[in-house]
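# how would this look folded up:
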Amino acid sequence: MRALVFFALTCMTNYAAAVDFTPLAEGEYTAYKCYVSASDGQNYVRFADMQDLETAKKSIQGLGIETDEGTQLMVLDFLECTEASKLFINPQARKLDEETPR
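Below you'll find the model as predicted:
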């Protein structure tokens, strides 16, 4: 029984050491990007620097999308989100990301 408890504690300790559970310090942000659908029926890639993904989504949703013509569009749905340094899984999102100016 002691060996089983020791094994379980060793596994948990190794897992905790391998995964960083440290929250970002105040003022530190992560760059996120989201592939979204908008009220004009088009899809867009939008960026936000926030402390977590949920806050980034709220920011993107709240700001909406301004077109080149100055029209303000609503974000209807988040199709995919990831850290800005990573690739989208969706091929259309990946292609649009490459075409979207930073």
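# Quick one: residues contacting the most centrally placed residue in the chain.
With the centre of the chain defined as its mean C-alpha position, the nearest residue by CA atoms, centre = their mean is residue 82, 3.4 Å away. Contacts were defined as CB atoms under 8 Å, 6 or more residues apart in numbering; by that measure residue 82 touches 32-33, 88-89. Where you see a C-beta, it was placed from the backbone N, CA and C, and this is true even at glycine.
# hey, what's it bridged with?
In this structure, residue 82 bridges to residue 33 when assessed by DSSP bridges.
# Use 19 as the first number for this chain going forward.
Yep, numbering from 19; the last one is residue 100 now.
# follow-up on the earlier one: for ChimeraX, what selects the buried ones among the contacts of residue 100?
Per 16 or more other CB atoms under 10 Å, the buried members of those correspond to this ChimeraX selection:
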select :50,51,106
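# what's the closest of the contacts of residue 100 to residue 74?
When those are compared for distance to residue 74 (CB to CB), residue 50 comes out closest, at 4.0 Å.
# Report pLDDT for the closest one.
What the model reports for residue 50 is a pLDDT of 98.
# Residue 85 - how many residues pack around it?
With neighbours defined by other CB atoms under 10 Å, the count for residue 85 comes to 12.
# Repeat that for residue 56.
With neighbours defined by other CB under 10 Å, the count for residue 56 comes to 17.
# Is residue 86 part of a helix or strand, or is it coil?
Using DSSP: H, G, I helix; E, B strand; the rest coil, the structure places residue 86 in coil.
# burial of it, as a residue count?
Counted by other CB under 10 Å, the residues lying close to residue 86 total 5.
# So it versus residue 58, what's the distance?
Residue 86 sits 12 Å away from residue 58 when distances are taken as CB to CB, to the nearest Å.
# all helices for the chain, in order.
Remark: helices assigned in the chain by DSSP state H are 20-36, 71-81, 109-117.
# and those, which one is worst for confidence?
When the helices of the chain are compared on mean pLDDT, helix 20-36 scores lowest, with a mean of 40.
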